[in-house]
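S.K.: here are the coordinates; sequence isn't available:
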């Protein structure tokens, strides 16, 4: 199994997909308990959700499940949300706070490092290569990090998530024009939207989002009820997905047009 897949395009937009993979090496899978083996916290169908929405978009997707190692966590193990419940670089619990490893099978620090080198680093090396390639071609690159999550997870947040949860780490990871463009589409959707709410952008968004250097990053965390059923077997829903895909397409096309117009470059002294 390849650690990641890359689909190269000629657009300024790069779609990052760190959490859609379901591959777990056999030796690791054998150490899960029943909860871990369910792989509940997958970003189910995320590649299908975005497929074909923007011609020429580059896609970098991890094939490794986030329970093996989370490609959207700081490799140094630093929490993205200090003081809030969250999961770690190699999770010990699922999103409901339930243990995912059999008794005595929690990965050691040495194992975490082995997995970081084997799975986390290659994905991010590939993502960096594509962002640099796209920036060299267009003068800028926009990372649109694609995520999805169940709507109700009391361990992580109160109440019911809106459909569209946009994260820019409080406006620091991209041009204000990019942030405003995406927020406008999500708000106009009428489906429910928030900017920098519970999800402000994961490690990828914060790490790569350096507008002054010509790389902009924005995270879209979409509630799974927007395109699928949020209970096993996690089935795709054509009717829901068709509506959500229209709005996602508007977002990507808007970003693409902004990037190609030179509007974004003119706002920054790109080195």
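M.R.: Cool, the structure landed. None of these values were measured; they are calculated from a predicted model.
S.K.: Show the contacting residues for residue 133.
M.R.: Contact analysis of residue 133 by CB atoms under 8 Å, 6 or more residues apart in numbering lists residue 8. The way it works is simple: take the backbone N, C-alpha and C, and place the C-beta from them, glycine included.
S.K.: Then residue 153?
M.R.: By CB under 8 Å, 6+ apart, the contact list for residue 153 reads 95, 96.
S.K.: Can you tell me how far it is from residue 95?
M.R.: 5 Å (CB to CB, to the nearest Å).
S.K.: Repeat that for residue 80.
M.R.: The value you get for residue 80 to residue 95, if CB to CB is used, is 14 Å.
S.K.: Burial check on the closest residue to residue 166 other than its chain neighbours, number of neighbours?
M.R.: Distances taken as CB to CB, 6 or more residues apart in numbering place residue 195 nearest to residue 166, at 4.9 Å, with adjacent residues excluded. As a burial measure, residue 195 scores 18 neighbours (other CB atoms under 10 Å).
S.K.: and residue 195, what does it touch?
M.R.: Going by CB under 8 Å, 6+ apart, residue 195 touches 166, 168, 179, 183, 186.
S.K.: Throw the residues you listed into CSV and include neighbour count, thanks.
M.R.: Shown next, in CSV, are the contacts of residue 195 (neighbours: other CB atoms under 10 Å):
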residue, neighbour count
166, 25
168, 26
179, 21
183, 19
186, 25
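S.K.: So which of the residues you listed belong to strands?
M.R.: The members of the contacts of residue 195 that map onto strands under DSSP state E are residue 166.
S.K.: pLDDT and distance to residue 246 for the contacts of residue 195 - can I get that in TSV?
M.R.: Putting those into TSV (pLDDT from 0 to 100; distance: CB to CB, whole Å) gives the following:
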residue	pLDDT	distance to residue 246
166	98	17
168	98	23
179	98	21
183	98	17
186	98	12
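S.K.: export the contacts of residue 195 to CSV and tack on distance to residue 247?
M.R.: As requested, the contacts of residue 195 are exported to CSV (distance: CB to CB, whole Å):
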residue, distance to residue 247
166, 12
168, 18
179, 16
183, 12
186, 7
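S.K.: For the contacts of residue 195, work out which two are farthest apart.
M.R.: Farthest apart among the contacts of residue 195 by CB to CB are 168 and 186. That separation is 12.3 Å.
S.K.: ok, the nearest residue to residue 168 once chain neighbours are set aside - contacts?
M.R.: Spatial nearest neighbour of residue 168, chain neighbours left out: residue 179 (5.0 Å); criterion: CB to CB, 6+ apart. Neighbouring residues of residue 179 by CB under 8 Å, 6+ apart: 166, 168, 171, 195, 218.
S.K.: Kindly indicate which of those residues lies nearest residue 7.
M.R.: Once CB to CB is applied, the member of the contacts of residue 179 that ends up nearest residue 7 is residue 218, at 19.6 Å.
S.K.: May I have the beta-bridge partners of the closest one?
M.R.: residue 144 (DSSP bridges).
S.K.: what's the neighbour count on it?
M.R.: Residue 218 - counted by other CB under 10 Å - has 25 other residues nearby.
S.K.: List the contacts of it.
M.R.: By CB under 8 Å, 6+ apart, the neighbours of residue 218 are 142-145, 166-168, 173-174, 178-179, 182, 201, 205, 209.
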